[in-house]
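Chemist: One predicted model, sequence on top.
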Amino acid sequence: MLSVILPTFNEAKNIATMVSRVQNSLEGVDHEIIIVDDNSPDHTWKVAQDLAHGRDNLHIIRRIDKRGLSSAVIDGFLAAKGDVLLVMDADGQHDSSLLLQLYRAVEEGAGIAIGSRYIEGGSVGQWDERRYALSQLATKLAISLCKVKVVDPMSGFFAISRDVFEKALPKLNPKGFKILLDFLVHVPKSTTVKEIPLQFGERMAGESKLSRRVQIEFLEYLYDVTLGVWIPLVFVKYCIVGFLGIGVNLIAYMVIASLFREHASLSVYGFSVAVIGATQTAIVFNFLLNNAWTFARARLRGIAMIIGFLKFEVACAFGAIANFAVSSYLFSIGWTELLCVIIGAMVGVVWNYTMNRLLTWRHV
Ligand SMILES: Nc1nc2c(ncn2[C@@H]2O[C@H](COP(=O)(O)OP(=O)(O)OP(=O)(O)O)[C@@H](O)[C@H]2O)c(=O)[nH]1
Ligand SMILES: [Mg+2]
């Protein structure tokens with residue numbers, strides 16, 4: 001049996017045409033269609049639910065707390081009954097006459113069958129030069145990561161056997177748009193891939209969701225499956241923010257200290273106020289940037305943000321204590337001064353990063 005997954009976000013005007021195209025192309029073939037909609041503001045889910053009345057091979061999954069193409073496809077696959085799982089865009093860009101060929105290719109032994117825009121006979125349609133160049137670059141980077149030989153690892157139109165899906169499932173990283181790439185990075189090396197030429201068409205109605213954010217998510221994905229295996233991206237971001245925080249601390253110190261300076265000399269009181277003021281400024285800066293960027297997925301708002309800030313202060317204070325304890329211990333046993341300071345700072349960073357992940361931004 002074939003399960004066709006149609007991920008949708010604001011495709012209300014296209015979904016009825018898509019369902020009938022799929023059904024016409026699969027006449028006589030045992031199949032089901034699963035629409036996975038992320039609670040679209042244009043009520044695609046409602047249009048789809050109305051279409052599902054009286055059809056027992058059309059199912060709708062409406063997700064209210066999740067957003068993202070890759071994770072939508074995985075949720076669709078998880079709900080599917082078929083032994084072959086297929087995904088297709090719901091905007092009309094994928095030629096439904098290939099459905100049967102992709103299905104048959106997997107039935108005849110391929111682990112994955114891809115509608116490929118870059119093999120002979122395929123095309124990307126009417127892209128401007130910039131999008132074509134970006135896609136070429138992304139494709140080259142992607143190919144270098146794949147376990148198997150493939151020409152178009154970034155296609156959104158492919159079929160996969162249940163067996164191969166199950167094997168890759170525990171390792172998947174459903175970030176962003178590129179679900180096929182994620183499979184090709186995680187399938188067993190022995191998986192056979194068949195590519196069938198696809199002429200990428202024009203979107204019917206509505207707008208593309210391929211935003212800049214999706215492109216950044218792609219870069220993040222590349223990091224996650226390479227260096228990120230050893231050092232998680234959030235930790236790298238946290239360190240970058242911390243590094244910028246040192247600059248903010250320094251500038252804030254100079255500004256506040258200048259207010260207390262009289263004839264080029266600074267009292268102990270003035271120095272203390274400047275240090276405390278600068279530290280607090282840096283803590284606020286770090287918190288805001290971490291909340292907006294490092295932990296964007298678990299971003300805190302309103303009251304939760306204020307409570308989160310207090311937790312962040314506590315975590316930073318503990319980080320400072322850990323820093324102090326380790327560096328002064330190393331110094332007391334005779335280590336060189338600079339090494340003590342560096343190791344102490346590193347322990348402090350890892351300590352408050354861990355505390356903040358556990359306490360402040362728990363749902364990353
Ligand atoms: N469930 C779900 N579906 C999505 C999401 N983003 C995109 N989609 C669907 O995924 C398919 C592909 O999205 P498009 O915006 O057409 O992306 P694209 O085809 O790569 O880019 P264009 O060529 O610019 O259209 C469409 O059916 C979208 O409705 C999402 O966050 N959640
Ligand atoms: Mg599209």
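Modeler: Received, thanks. Ligands and ions are numbered 1, 2, ... in the order given.
Chemist: Where does the closest residue to ligand 1 within the chain sit: helix, strand or coil?
Modeler: Nearest residue of the chain to ligand 1, counting by C-beta to the nearest ligand atom: residue 208, 2.9 Å away. The way it works is simple: take the backbone N, C-alpha and C, and place the C-beta from them, glycine included. Recorded secondary structure, residue 208: coil (DSSP: H, G, I helix; E, B strand; the rest coil).
Chemist: likewise residue 310?
Modeler: At residue 310, secondary structure determined by three-state DSSP is helix.
Chemist: Need the pLDDT of it.
Modeler: pLDDT, residue 310: 95.
Chemist: got the residues of the chain near ligand 1?
Modeler: 7-9, 11, 36-38, 67-69, 72, 89-91, 93, 156, 203, 208-210 (C-beta under 6 Å from any ligand atom).
Chemist: let's see 8 Å
Modeler: Residues of the chain that fall close to ligand 1, judged by C-beta under 8 Å from any ligand atom: 6-11, 14, 36-38, 40, 44, 63, 67-69, 71-72, 89-91, 93, 127, 156, 177, 200, 203, 206-210, 214.
Chemist: How is this structure partitioned into domains?
Modeler: What automatic domain parsing lists as the domains of the chain is 2-208, 233-359.
Chemist: right, is the longest one up against ligand 2?
Modeler: If I follow you right, that is domain 2-208. Yes. On the criterion C-beta under 5 Å from the ion, domain 2-208 is in touch with ligand 2 at 89, 91, 93.
Chemist: will you turn those into TSV that also has neighbour count, secondary structure and distance to residue 133?
Modeler: Below are those laid out as TSV (neighbours: other C-beta atoms under 10 Å; DSSP: H, G, I helix; E, B strand; the rest coil; distance: C-beta to C-beta, whole Å):
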residue	neighbour count	secondary structure	distance to residue 133
89	20	coil	22
91	26	coil	23
93	19	coil	20
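Chemist: And these, which is closest to residue 48?
Modeler: residue 91 (14.1 Å; C-beta to C-beta).
Chemist: just the strands in the protein please.
Modeler: Ranges of strands within the chain are 2-8, 31-37, 58-62, 84-87, 112-116, 158-161, 193-197, based on DSSP state E.
Chemist: Give me the buried subset of the residues of the chain next to ligand 1.
Modeler: 6-11, 14, 36-38, 40, 44, 68-69, 71-72, 89-91, 93, 156, 177, 200, 206, 209, 214 (16 or more other C-beta atoms under 10 Å).
Chemist: Deepest-packed of the domains of the chain, please.
Modeler: domain 2-208 (a mean of 18; mean count of other C-beta atoms under 10 Å).
Chemist: pLDDT averaged over that one - what is it?
Modeler: Domain 2-208 carries an average pLDDT of 94.
Chemist: In this structure, which residue sits furthest out from the middle?
Modeler: residue 263 (54.5 Å; C-alpha atoms, centre = their mean).
Chemist: how much space between that residue and residue 257?
Modeler: From residue 263 over to residue 257 the distance is 14 Å, taken as C-beta to C-beta, to the nearest Å.
Chemist: Please list the outside residues in contact with stretch 70-77.
Modeler: Contacts with stretch 70-77, where a contact means C-beta atoms under 8 Å, 6 or more residues apart in numbering, come from 3, 5, 7, 34, 36-38, 61, 63, 66, 85, 87, 160, 165, 169, 172, 174-179, 182.
Chemist: try 7 Å this time
Modeler: Residues from elsewhere that reach stretch 70-77 (C-beta atoms under 7 Å, 6 or more residues apart in numbering): 5, 7, 34, 36, 38, 61, 63, 85, 87, 165, 172, 174-179, 182.
Chemist: And stretch 348-361, by the same measure?
Modeler: Residues contacting stretch 348-361 (C-beta under 7 Å, 6+ apart): 235, 238-239, 242, 295, 298, 308, 311-312, 315-316, 318-320, 322-323, 364.
Chemist: The stretch 151-300 of the chain: helices as residue ranges?
Modeler: Remark: helices assigned in the stretch 151-300 of the chain by DSSP state H, counting those that start in this stretch are 162-168, 179-186, 212-225, 233-260, 268-289.
Chemist: what packs against the last one?
Modeler: Using 3 or more C-beta pairs under 7 Å, 6 or more residues apart in numbering; DSSP states H and E as the contact criterion, the elements in contact with helix 268-289 are helix 233-260, helix 302-332.
Chemist: Of all the ones you listed, which one is nearest ligand 2?
Modeler: Ligand 2 sits nearest to helix 233-260 of all the helices and strands packed on helix 268-289, at 27.0 Å, using C-beta to the ion.
Chemist: measure residue 44 to residue 90 for me?
Modeler: Separation of residue 44 from residue 90 (C-beta to C-beta): 8 Å.
Chemist: what do you get for residue 56?
Modeler: Distance from residue 56 to residue 90, counting by C-beta to C-beta: 20 Å.
Chemist: With residue 326 instead?
Modeler: Counting by C-beta to C-beta - residue 326 and residue 90 are separated by 55 Å.
Chemist: Then residue 195?
Modeler: 22 Å.
Chemist: Residue 5 contacts residue 34, correct?
Modeler: Yes. Using C-beta atoms under 7 Å, residue 5 is in contact with residue 34, at 5.1 Å.
Chemist: Now do the shared contacts for the two.
Modeler: With C-beta under 7 Å, 6+ apart, residue 5 and residue 34 have common neighbours 76, 80.
Chemist: Can you check the pLDDT for the closest residue to residue 233 other than its chain neighbours?
Modeler: Of all residues not flanking residue 233 in the chain, residue 223 sits nearest, at 5.5 Å (C-beta to C-beta, 6 or more residues apart in numbering). Note for residue 223: predicted pLDDT of 92.
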